[in-house]
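> Could you look at this predicted model? Sequence included:
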Amino acid sequence: MVSLGFFNQAKGRSNRAWLFCLFAALISQISFSAFAVIAVGGSWQKVEEVTITQGQRFYIRGTGYYTDNTMAVASTEDLSGMLRLVVTASTMDVMNATGTDSNGYPYFDLASVEDTTRVWFARKRGAFKYTLEVQQYIEETDPDTDDDGIPDSDDICPTDPNNECITIVGLVYGNGAAVDLAAVKVGTNTVNTNTDLSGEFTANVGNGELSSDGIDKFFPVEVVAEGFATGNPKVIWQTGKTEYQVTIDLQQVSKVITEEDDVTQGVDIDKDGAPVGSLTIPTVALPAGVSSITGEITYLDPETDDILSAPRR
């Protein structure tokens, strides 16, 4: 807010100065919206509104021919940025070019179209003729509305510089009951949280947490809870969608193998209190020096949704 105070003072230059300061103060209170752009490539393009004048040909004994070439811009707009003069055809080889373009044409870098460019040609019998054109490098840009360094075309949160525009709400269950205090990790850049007493968690994510399997883009989720196999569902990202819900059913650890268990003789595996098989590791399959194995086993029925938990341990 700008507060204005009025007072008497002499007319003339001082009064005008005071009015100018007041105007500047008012202008300073106005905010302007703008967004950045990111260069994503570019190409050299011919400048049509330039007239090129080829100078008279001169010959220097032992060196070759040269001409001085000037340019004039037909439009009122100034040409700026990266400019070059390209020899698109010549009956004699160009000797002093800055380089050659992708077509093999010699070119000369220009500081401006007001430059006079001297082109040297190797001496050769026959007609002398060449053509020139001025080219300007035109950048291809992509808007970056939130100025976070990610172009809008790649930004799933194009208006959120914090990149937290996606909300994932999850419910974690195990044995049909809500699992509280489960550790939840979302994304490749990792957002960590925990489930509450109702087994629910909320995570705000964005570009940094997005992953891809070559087919879909998704947010990987990892859920770890005591007594259960690690759950690893994927939340598939959909263009324009900012709110997602996921339900995760953790599979209870079927068997905890202790040092007292002899896996070489076989260890029974149960699921939901019922036997589903056994695990046996022959002695010859154990690494040298290993006499016992400990760990946790979770049985997944491939004919059910068990496999969706994709345990890591």
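Cool, the structure landed. Residues are numbered from 1 along each chain as shown.

> for the stretch 1-150 of the chain, which spans come out with low pLDDT?
Residues of the stretch 1-150 of the chain meeting the criterion pLDDT under 70: 1-40, 76-77.

> swap in the stretch 201-313 of the chain?
In the stretch 201-313 of the chain (pLDDT under 70), the answer is 254-255, 271-273, 275-277, 296-297, 299-313.

> mind listing the strands in it by residue range?
211-212, 217-224, 234-236, 243-250, 255-257, 267-271, 274-279, 295-297 (DSSP state E, counting those that start in this stretch).

> Buried deepest among those strands, which one?
Comparing the strands of the stretch 201-313 of the chain by mean neighbour count (mean count of other CB atoms under 10 Å), strand 217-224 ranks first with a mean of 20. Where you see a C-beta, it was placed from the backbone N, CA and C, and this is true even at glycine.

> tell me the angle of it relative to strand 243-250?
40 degrees (axes from the mean of the first three to the mean of the last three CA atoms, to 10 degrees).

> returning to that earlier point: of all the strands of the stretch 201-313 of the chain, which one comes closest to residue 171?
strand 243-250 (4.8 Å; CB to CB).

> how distant is the closest one from the center of its chain?
27 Å (CA atoms, centre = their mean, to the nearest Å).

> Not counting it itself, show me its contacts.
Contacting residues not belonging to strand 243-250 are listed as 166-174, 179, 182, 219, 221, 223, 225, 228-229, 231, 233, 235, 305, 308-309 [CB atoms under 8 Å, 6 or more residues apart in numbering].

> Can you say which of these are buried?
166, 168, 170-174, 179, 182, 219, 221, 223, 225, 228-229, 231, 233, 235, 309 (16 or more other CB atoms under 10 Å).

> Was I right to think residue 81 contacts residue 135?
No: with contact defined as CB atoms under 8 Å, residue 81 does not reach residue 135; the gap is 10.9 Å.

> got the domain boundaries for this protein?
Domain ranges of the chain: 40-141, 155-250, 255-297, per automatic domain parsing.

> Is residue 295 bridged to anything, and to what?
Here residue 295 sits in beta bridges with residue 257, going by DSSP bridges.

> Return the distance of it relative to residue 261.
Distance from residue 295 to residue 261, counting by CB to CB, to the nearest Å: 10 Å.

> ditto for residue 134
82 Å.

> more crowded one of the two?
residue 134 (21 against 18; other CB atoms under 10 Å).

> The more buried one: what secondary structure?
Secondary structure, DSSP: H, G, I helix; E, B strand; the rest coil: residue 134 is strand.

> Now for it: which residues touch it?
Residues counted as contacts of residue 134 (CB under 8 Å, 6+ apart) are 46, 47, 50, 52, 71, 79, 83, 84, 85, 86, 110, 113.

> any idea how far residue 159 is from residue 145?
When distance is defined by CB to CB, residue 145 is 6 Å away from residue 159.

> before we move on, what about residue 93?
From residue 93 to residue 159 the distance is 55 Å (CB to CB).

> of these two, who's got more company?
residue 93 (14 against 11).

> Now for the nearest residue in space to the more buried one that is not next to it in sequence, how many residues are close by?
Distances taken as CB to CB, 6 or more residues apart in numbering place residue 122 nearest to residue 93, at 4.3 Å, with adjacent residues excluded. Residue 122 sits with 12 neighbouring residues when counted by other CB under 10 Å.

> Look up how far residue 195 lies from residue 174.
10 Å.

> hmm, I was thinking of residue 211
On the measure of CB to CB, residue 211 and residue 195 end up 22 Å apart.

> Which residues are in contact with each of residue 174 and residue 195?
residue 225.

> Name the next helix or strand downstream of the helix or strand where residue 42 lies, please.
Counting by DSSP states H and E, the element that carries residue 42 is strand 36-46. Next along the chain after strand 36-46, taking DSSP H and E as the criterion, comes strand 50-54.

> Adjacent strands (with direction) for that next one?
Strand 50-54 has its sheet partners listed here by DSSP bridges as strand 64-73 (antiparallel).

> Direction included, what does the helix or strand just after the strand it pairs with pair up with?
Of the helices and strands lying after strand 64-73 in sequence (DSSP H and E), the nearest is strand 83-90. Strand pairing for strand 83-90, determined by DSSP bridges: strand 106-110 (antiparallel), strand 130-144 (antiparallel).

> Out of the ones you listed, which is the most enclosed?
Of the strands paired with strand 83-90, strand 106-110 is the most buried (mean count of other CB under 10 Å), at a mean of 19.

> Residue 128 reaches residue 57, doesn't it?
Yes: here residue 128 reaches residue 57: they are 6.3 Å apart, a contact under CB under 8 Å.

> Now do the shared contacts for the two.
With CB under 8 Å, 6+ apart, residue 128 and residue 57 have common neighbours residue 65.

> Okay then, goodbye and thanks.
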